[in-house]
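*Asks:* Task: produce atomic coordinates for the following.
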Amino acid sequence: MTTPQAKLHRLTGQVPARCFWLDLPSPMVAEIAGRAGPELCVIDTEHGQIGPETLTGMLRALDLSKTPALVRLGDAGAGRVKHALDAGAAGILLPYVETVEEARAAIRAFCVPPLGQRGTAAMVTRAGGFGAVRDYARTWNDIGILALQIETAKGLAAAPEIAALDGVDMLFFGPSDYSADQALDPVRDSDQILAACRQIIAVAQGAGKLSGAFPWPGADSARLIGEGADLVASGSDVRGLAEGFATALAACPLPEEGSG
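*Replies:* The predicted structure is shown next:
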């Protein structure tokens, strides 16, 4: 089997790699993000208001800049996984994985036999080139990336067993939900959050798997790469737009009433 590191390198051209987080349901935003030059994008259908048809349009828009995408789903339901993969996603990011049983369910939905139970129907799906990619089903387990988010203390405890499973390619640390789970403040308790992130990176490395992380106020993307993460979120469409608008207003303050 191809190693997870080789899978990510094939997709992005380098490891470690950066990704942009896309929550806005817009193929045009996806196109702009891809043309900015990240190695990968994550299309977030867990929290973003992105439906199946819009997801397909966003994947097609990213194809224009040859930017691969992982799709974050709300759960590991086999139908949702299959739909995102059939639309052309390079892999799946599943949030809030806490047990080996949940990880095994994700593998069954994600991988084709013998590792899993995913059907491909490559003759009629975009992922299979509507039949043009004849070896899609045969090669999928060697090219698709299954990333599982560890976001709780329970998930952290199970991480070594989860990382050891064939079919799991990446452990991805979610600092926001981990902070909520442990009643930590992302600024005041950043060292404790970083300790959990380091633990996930070490577990992934020990199992020969990839690690990923989302930044928080106490640890930016560059810091996370320095800690050994293989994939880091380095931009967000929502955050970038909000910060850009706020900066534009701050650059043009209005006179106080009555001052003129």
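
*Asks:* Just the buried residues of the longest helix seen in the chain, please?
*Replies:* For the chain, the helix that runs over the most residues, judged by DSSP state H, is helix 190-206. The neighbour-count check on helix 190-206 (16 or more other CB atoms under 10 Å) flags 190, 193-194, 196-201, 203-204 as buried. Any C-beta I mention is one placed from the backbone N, CA and C, and that applies to glycine too.

*Asks:* One more: stretch 202-221?
*Replies:* Buried residues in stretch 202-221, counted by 16+ other CB under 10 Å: 203-204, 207, 209-216, 218-219, 221.

*Asks:* what does stretch 12-26 give?
*Replies:* Within stretch 12-26, judged by 16+ other CB under 10 Å, the buried ones are 12, 15-26.

*Asks:* Equivalent analysis for stretch 28-35, please.
*Replies:* Quick answer for stretch 28-35 (16+ other CB under 10 Å): 29-34.

*Asks:* isn't there a strand covering Val71?
*Replies:* Yes - checked against DSSP: H, G, I helix; E, B strand; the rest coil, Val71 lies within a strand.

*Asks:* That one: neighbouring residues, count only.
*Replies:* Val71: 28 surrounding residues under other CB atoms under 10 Å.

*Asks:* The one 5 residues further on now?
*Replies:* Ala76 has 23 neighbouring residues, counting by other CB under 10 Å.

*Asks:* Thr120 now?
*Replies:* Neighbours of Thr120 (other CB under 10 Å): 17.

*Asks:* Let's see the pLDDT reported for it.
*Replies:* On pLDDT, Thr120 comes in at 87.

*Asks:* Please give the element, helix or strand, for the residue nearest to Met1 when sequence neighbours are not counted.
*Replies:* Counting by CB to CB, 6 or more residues apart in numbering, Met1 lies nearest to Asp142, which is 6.3 Å off, once chain neighbours are set aside. For Asp142, the host element (DSSP states H and E) is helix 136-143.

*Asks:* as a whole number, average confidence for the following helix or strand past that helix?
*Replies:* Moving toward the C-terminus from helix 136-143, the next helix or strand (DSSP H and E) is strand 145-150. On average, the pLDDT along strand 145-150 is 98.

*Asks:* Strand 145-150 - contacts with which helices or strands?
*Replies:* Strand 145-150 sits against helix 4-12, strand 91-94, helix 100-110, helix 153-163, strand 170-173, strand 210-213, with contacts defined as 3 or more CB pairs under 8 Å, 6 or more residues apart in numbering; DSSP states H and E.

*Asks:* any idea of the mean pLDDT in the fourth one?
*Replies:* Helix 153-163 shows an average pLDDT of 98 in the prediction.

*Asks:* on that earlier part again, in CSV, list the helices and strands packed on strand 145-150 along with distance to Ala76.
*Replies:* Putting the helices and strands packed on strand 145-150 into CSV (distance: least, CB to CB, whole Å) gives the following:
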stretch, distance to Ala76
helix 4-12, 18
strand 91-94, 5
helix 100-110, 4
helix 153-163, 13
strand 170-173, 14
strand 210-213, 17
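
*Asks:* so which of the ones you listed comes closest to Lys82?
*Replies:* helix 100-110 (7.0 Å; CB to CB).

*Asks:* mind saving the C-alpha coords of the closest one as CSV?
*Replies:* The C-alpha coordinates for helix 100-110 follow below in CSV (Å, rounded to 0.1, in the frame of the first residue of the first chain):
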residue,chain,number,x,y,z
VAL,A,100,-11.7,2.8,17.3
GLU,A,101,-15.2,1.6,16.3
GLU,A,102,-16.0,5.1,14.8
ALA,A,103,-12.7,5.0,12.9
ARG,A,104,-13.5,1.5,11.6
ALA,A,105,-16.9,2.7,10.4
ALA,A,106,-15.2,5.5,8.5
ILE,A,107,-12.8,3.1,6.9
ARG,A,108,-15.6,0.9,5.8
ALA,A,109,-17.4,3.9,4.2
PHE,A,110,-14.2,5.4,2.6
